[in-house]
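Q: sequence first, predicted model second:
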Amino acid sequence: MHTVRLNFLAFAKQNFSVAIYRREAPQVENFDDQYSYYDFKDINGANKKYEITGVETVGFEKYNAAIHVDHHIVSNRVYDRLIEASKLIDGYFIRKSDDVRNKRIHFNLESHPKGKKCVWIEPYFLKSQQKWGILLGFQFVVDESILQSNKFTLDKDILIASGSLNSRGQSNLDFYLFKHNYIKQFIQNILPQISSKFALNFHTELFELASYQLKPKEYFFKDGYTSSSAYYGLYKSAPLSNSISNQIYDFIYLEEDRNYAVSLLKGLRGETHPNTFNGIEKLFKVPFTNDNIHGSPLKSFSDDEIDTKIKQIKEDDKNILPVIITKSKNETGDDKLYYWLKNKFTNAGIPCQVVTKDLIQNENAIKFSLANIGLQIFAKSGGKPWKMKPAGSDYLIIGIGQSYNIENTPEGNTIEKNTTYSVLTDSSGIFKDIQILSEGMESDDTYWQKLVTNISALINNTQSKKVALHVPFRISKSKVLEKVAGSIGSDVELSVLVINDKTDYFGFDYANNGLVPFEGTFVKLSKFEYLAWFEGIQPNNPKITKRFGNPLLIKFWYSNKPELLENYSYRESLLQDCINLSGANWRGFKSKQLPVSIYYCQRIAEFIAKFREFHLEHIEINNLKPWFL
């Protein structure tokens, strides 16, 4: 049996008790700040709200919390005990101490000119094992004065201190070892000090969980050719579809930047770095010659010149993809130019490829970027590089994303407006469509009504009988999902998965090189909550070739047919589709941490946020070509 060590230390004593004092909460609009509030079931199973305190108080009854049921209460009391046991330890501090939801304690293990290298702990109940203990993890906490500075950037020093880069400023292949070493240092030096004042004590080994293995990703190409590698599949065969007619690649650049355009063109032809990229024509089997490559030197990136170029492209009867050479994105003005160009062309319904001069002149970086640039150009032109082998029945996959915007009202108030949109694929990962689902304030009933109407219409219009929603947040069951279920056919299977890549959970495989779990590994945190590694080392090749990121937290959140989620094989099939979709990413050959249903939504959200930041035009994101790659 293979195992993963979760970043969790179980308490040595599990049969502890937690006593609190409670009284039924009065029916008032504003709660009392000196108490916590919690819902308990009465004898009829109905919820009743109680005021909670940890000290004996007149009018309050003593209540012994069930440690396997009343998780919120127990977590709060354990947190209080951990604070008492830790507060005199050197390096102890609490961030966001005024946030009642915070249950995290930090310990500074190593000071840094720009912050602190810390290990944090917080109470946690591991449902799959019915164990209480603490989650713990490494975090580089940037100094508050630097964070508040107008000039704050996530610079190389901070990336090295956080473990993303190694000491030479390169991608840290030992990322897992880096995190594990700080956890080990905490266990050896800090944990004994906490244990001496903490009655429950701790096991000092990271908790060992049985791990399971999903099937390897399988890529499909032209004429049914299959491969376990996207790049080598294209190299040996041909794209799934490369029927791009009348394709023109229009290189747009400033007159003084002609040498950069020529350099990029030679790279995309496979002339400069043939060992890492043999060219668009050879890899994607489409013409990429002087006959369909144009050059458009401009005097400036002005409104007039770009509007003229857009007009020329729209009036031409050929399929023209602009490849634009621009400045770096290091300065605010350069960053704005980059997104202004993307905004102008996207608004005109023209996908474009923007490449910075910094990347082109960086010999090492461009060498390993050319294949990905070629892939993006091919997909934006309408080509389909590959698809994935589905886990079972073909599903409609609806990825749902959100973008927030703070606006000022005429009365001087601020309101938060929300744009919710969908990215449609099938379970083979083929990109189908982007649509706006709803816009407005979450406090407005019409926002939720539009969301229900448009999700229901998506499902009904496609006539799909098997549908999976992939969302990065817990979408409301009562306001949205139950109403959607009532608006679609009773024969439709609808399941909703919450997929989160910003998670506090981590794990190590002590049997593997660099402690990195195999790609496709997953562990069960609870019946409906899994931790999964969509990228990792290959079972047949233990060499670490890149910095592998965090695992994904996947929660089976809802189904209109609850009996489906009770079935383990059904849950594993949905999980298999998720990892398959992580291989369907047409942005890069090694971009496979997130399923495209979530990743594409993140990319769109980033673009919308930048367009708003620079006060650019609102764009119609609906497009049949993946402009956001």
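A: Thanks, I have the structure now.
Q: apart from its chain neighbours, what residue comes closest to residue 175?
A: Closest residue to residue 175 apart from its sequence neighbours, by C-beta to C-beta, 6 or more residues apart in numbering: residue 547 at 4.8 Å. The C-beta positions use only the backbone N, C-alpha and C, and glycine is treated the same way.
Q: can you check residue 491 too?
A: What sits nearest to residue 491 in space, not counting adjacent residues and going by C-beta to C-beta, 6+ apart, is residue 465, at 6.1 Å.
Q: next one: residue 269
A: Once flanking residues are discounted, residue 269 sits nearest to residue 279: 4.9 Å by C-beta to C-beta, 6+ apart.
Q: so, low pLDDT: which residues of the stretch 151-300 of the chain?
A: Applying pLDDT under 70 to the stretch 151-300 of the chain flags residues 151-152.
Q: can you give me the strands in it?
A: For the stretch 151-300 of the chain, applying DSSP state E, counting those that start in this stretch gives strands covering 208-210, 212-213, 219-220, 226-227, 247-254, 293-298.
Q: of all those, which one comes closest to residue 542?
A: Closest of these to residue 542 is strand 212-213, at 15.1 Å (criterion: C-beta to C-beta).
Q: show me where pLDDT drops low in this structure?
A: Residues of the chain meeting the criterion pLDDT under 70: 29, 100, 150-152, 328-332, 405-417, 442-443, 621-624.
Q: what about residue 13, neighbour count?
A: Using other C-beta atoms under 10 Å, residue 13 is surrounded by 12 other residues.
Q: next: the one 3 residues further on.
A: Summarising burial for residue 16: neighbours were counted as other C-beta under 10 Å, giving 14.
Q: what is the three-state secondary structure of it?
A: coil (DSSP: H, G, I helix; E, B strand; the rest coil).
Q: so it touches residue 65, yeah?
A: No: applying C-beta atoms under 8 Å, one finds residue 16 not in contact with residue 65, separated by 10.4 Å.
Q: re the thing from before, would CSV of the strands of the stretch 151-300 of the chain with mean neighbour count and distance to residue 426 be doable?
A: Shown next, in CSV, are those (neighbours: other C-beta atoms under 10 Å; distance: least, C-beta to C-beta, whole Å):
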stretch, mean neighbour count, distance to residue 426
strand 208-210, 15, 32
strand 212-213, 15, 25
strand 219-220, 22, 12
strand 226-227, 15, 17
strand 247-254, 21, 25
strand 293-298, 15, 33
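Q: so which of the ones you listed comes closest to residue 156?
A: It's strand 247-254; of these, that one is closest to residue 156 (C-beta to C-beta) at 28.5 Å.
Q: what's the burial count for residue 30?
A: Neighbourhood size, residue 30 [other C-beta under 10 Å]: 5.
Q: and it, that's in a strand?
A: No: using three-state DSSP, the assignment for residue 30 is coil, not a strand.
Q: quick check: buried residues in stretch 174-184?
A: By neighbour count, with 16 or more other C-beta atoms under 10 Å as the criterion, the buried positions of stretch 174-184 are 174-180, 182-183.
Q: Serialize the residues you listed to CSV and add fields for distance to residue 486.
A: Listed next are the buried residues of stretch 174-184 as CSV, based on distance: C-beta to C-beta, whole Å:
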residue, distance to residue 486
174, 52
175, 46
176, 46
177, 51
178, 50
179, 46
180, 48
182, 50
183, 47
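Q: from the residues you listed, which is closest to residue 455?
A: residue 175 (37.5 Å).
Q: quick check: that closest one touching residue 164?
A: Yes: assessed by C-beta under 8 Å, residue 175 is found in contact with residue 164 at 7.2 Å.
Q: overlap in contacts, those two.
A: Listed as contacting both residue 175 and residue 164 by C-beta atoms under 8 Å, 6 or more residues apart in numbering are residue 547.
Q: residues in contact with the spatially most central residue of the chain?
A: The residue lying closest to the centre of the chain (C-alpha atoms, centre = their mean) is residue 501, at 4.1 Å. Counting by C-beta under 8 Å, 6+ apart, residue 501 touches 472, 549-550, 552, 593-594, 598.
Q: and if we set it to 7 Å?
A: Shown in contact with residue 501 (C-beta atoms under 7 Å, 6 or more residues apart in numbering): 550, 552, 593-594.
Q: most neighbours among those, please name it.
A: Most neighbours among these, by other C-beta under 10 Å: residue 552, with 26 neighbours.
Q: who does that one form a beta bridge with?
A: Here residue 552 sits in beta bridges with residue 532, going by DSSP bridges.
Q: and what of the one 4 residues further on?
A: When bridges are taken as DSSP bridges, the partners of residue 556 come out as residue 497.
Q: show me the contacts for it.
A: Counted by C-beta under 7 Å, 6+ apart, residue 556 has contacts 497, 528, 565, 571.
Q: now intersect those residues with the helices, please.
A: Among the contacts of residue 556, the ones falling in helices (DSSP state H) are 565, 571.
Q: narrow the contacts of residue 556 to those that are buried.
A: Neighbour-count burial (16+ other C-beta under 10 Å) applied to those gives 497, 528, 565, 571.
Q: got the domain boundaries for this protein?
A: Domains of the chain are assigned by automatic domain parsing as 3-14+72-210, 18-66, 242-380, 392-503+551-613.
Q: any chance of those domains in CSV with distance to residue 217 as columns?
A: What follows is the domains of the chain, written out as CSV (distance: least, C-beta to C-beta, whole Å):
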stretch, distance to residue 217
domain 3-14+72-210, 20
domain 18-66, 43
domain 242-380, 16
domain 392-503+551-613, 4
